[in-house]
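Novice: The sequence isn't on hand, but the structure is:
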């Protein structure tokens, strides 16, 4: 049986990225204690997101010995502090008031495993936030869209109103760097096109 891509995530954005890239992934969300992992993580912000990504991938990998397992984790680095998901409307409003009109780095850790080999890497993309009005910030928070998103924003939906520009890989900002996945597959001796759904 040819290898499949297994996504160790419940993120609809990551699934959408792969589906748009021609892949129908096996989705197997990993359940790890992120707070405990962050508390124990050593190294800088890039290492923290990479540690989370690897923990997710390793939690799922034993069930898929012949497949490519992909774990990811994204956080926003603003003023030297990593920001995760805001979870509440109030926290989202507070976060946006702090980041509007400013720039920050969106860090996405990737852990891609195949037959015991691993590519673990963090991508960094600079996000330039627009100077959103108080009314728009409140409306965006109430929409519910940014509550479970790293950095309290999406690039591909309502959040696109408030992102002036990015510097780097847009797929990484959405949650999974497709170019990095391609390079990892090549390092394993695999081609990206072998994972595409058949055209009929």
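Specialist: Ah, there it is. Here the structure is a predicted model, which means the values were calculated and not measured.

Novice: which residues touch the residue nearest in space to the middle of the chain?
Specialist: The residue lying closest to the centre of the chain (C-alpha atoms, centre = their mean) is residue 175, at 2.6 Å. Applying C-beta atoms under 8 Å, 6 or more residues apart in numbering to residue 175 gives the contacts 9, 11, 13-14, 17, 72, 74, 108, 150. Yep, even glycine has a C-beta here, placed from its N, CA and C like the rest.

Novice: name the helices or strands packed onto the helix or strand bottoming out on mean pLDDT in the chain?
Specialist: Least confident helix or strand, the chain: helix 34-40 with a mean of 84, by mean pLDDT, DSSP states H and E. Here helix 34-40 touches helix 45-60, going by 3 or more C-beta pairs under 8 Å, 6 or more residues apart in numbering; DSSP states H and E.

Novice: let's go with 10 Å and repeat that
Specialist: helix 45-60, strand 68-78 (3 or more C-beta pairs under 10 Å, 6 or more residues apart in numbering; DSSP states H and E).

Novice: what residues does that helix touch?
Specialist: 33, 48-49, 51-52, 54-56, 73, 75, 82, 84-85 (C-beta atoms under 10 Å, 6 or more residues apart in numbering).

Novice: and with 7 Å instead?
Specialist: Contact with helix 34-40 is made by 48, 51-52, 55, as judged by C-beta atoms under 7 Å, 6 or more residues apart in numbering.

Novice: Could you do stretch 86-95 as well?
Specialist: Under C-beta under 7 Å, 6+ apart, the answer for stretch 86-95 is 83, 137-138, 141-142, 146-147, 152.

Novice: now swap in stretch 68-82 and tell me
Specialist: Contacts of stretch 68-82 (C-beta under 7 Å, 6+ apart): 3, 5-9, 14, 30, 45, 48-49, 52-54, 56-57, 60-61, 83-84, 98-99, 104-114, 150-151, 175-176, 181, 185.
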